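Colleague: Next input, structure requested:
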Amino acid sequence: MAYVTLTLLAVVANGFSATLDFARYKQVVVVMERGRVPLSWMTPLGVLKAAGALGLLAGFGYPPLGVAAAAGLVLFFVAAFVAHFRVRDFALGLHHLYLAISVAALLVQIQAAT
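Modeller: The predicted structure is shown next:
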């Protein structure tokens, strides 16, 4: 049950985040500017999050793909921390929540794949 619940939570969270990137949601733009991330990266970053969400869904049928998708999302959010910390932006916003959800999804994906 935790496997399905955490996986779907990660799918919804990252799908939502990707949608905000695609829509260039004002608060996301502010966070990206604060982190000195070029706004031209919003769509590619949204694509990565959407691909991670779809990979998690595909992991229900082929668990190694779910593991890879979850690992990719963990790396994505670690990179987001690094991008903001490098410019001394320590206002974490929701980064830590997305990272925690992605780590939880990775753990249940690994367990399901073994």
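Colleague: so Tyr98 sits right up against Ser17, yeah?
Modeller: Yes: shown here, Tyr98 and Ser17 form a contact pair, counting by Cβ atoms under 8 Å, at 6.5 Å. Where C-beta positions appear, they are placed from N, C-alpha and C, glycine not excepted.
Colleague: Now do the top helix by length along the chain: which elements does it pack against?
Modeller: For the chain, the longest helix by residue count, based on DSSP state H, is helix 63-85. Contacts defined by 3 or more Cβ pairs under 8 Å, 6 or more residues apart in numbering; DSSP states H and E place helix 63-85 against helix 2-22, helix 42-58, helix 95-113.
Colleague: Centroid-nearest residue for the protein?
Modeller: For the chain, the residue nearest the mean C-alpha position is Leu73 (4.5 Å; Cα atoms, centre = their mean).
Colleague: and that residue, what does it touch?
Modeller: By Cβ atoms under 8 Å, 6 or more residues apart in numbering, the contact list for Leu73 reads 10, 14, 49, 52, 56, 98, 102, 105-106.
Colleague: go on, Arg36?
Modeller: Contacts of Arg36 by Cβ under 8 Å, 6+ apart are 83, 87.
Colleague: ok, 7 Å please
Modeller: Val87 (Cβ atoms under 7 Å, 6 or more residues apart in numbering).
Colleague: again, but for Ala80
Modeller: His95.
Colleague: now for the contacts of Leu73, which pair is the farthest apart?
Modeller: Distance extremes for the contacts of Leu73: the farthest pair is Lys49 and Leu106 at 14.8 Å, using Cβ to Cβ.
Colleague: circling back to that earlier point, CA atoms only: put the longest helix of the chain into CSV for me.
Modeller: Below are the C-alpha coordinates for helix 63-85, written out as CSV (Å, rounded to 0.1, in the frame of the first residue of the first chain):
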residue,chain,number,x,y,z
PRO,A,63,9.9,-1.7,-11.7
PRO,A,64,13.4,-0.9,-12.8
LEU,A,65,12.1,2.0,-14.8
GLY,A,66,10.4,3.3,-11.6
VAL,A,67,13.7,3.1,-9.7
ALA,A,68,15.4,5.0,-12.5
ALA,A,69,12.7,7.7,-12.6
ALA,A,70,12.7,8.1,-8.8
ALA,A,71,16.5,8.3,-8.7
GLY,A,72,16.4,10.9,-11.5
LEU,A,73,13.9,13.0,-9.5
VAL,A,74,16.1,12.8,-6.4
LEU,A,75,19.1,14.0,-8.4
PHE,A,76,17.0,16.7,-9.9
PHE,A,77,16.0,18.1,-6.5
VAL,A,78,19.6,17.8,-5.1
ALA,A,79,20.7,19.8,-8.1
ALA,A,80,18.1,22.4,-7.3
PHE,A,81,19.5,22.7,-3.8
VAL,A,82,23.0,23.1,-5.2
ALA,A,83,21.8,25.7,-7.7
HIS,A,84,20.3,27.8,-5.0
PHE,A,85,23.0,27.3,-2.4
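Colleague: That's all I had, so thanks and see you.
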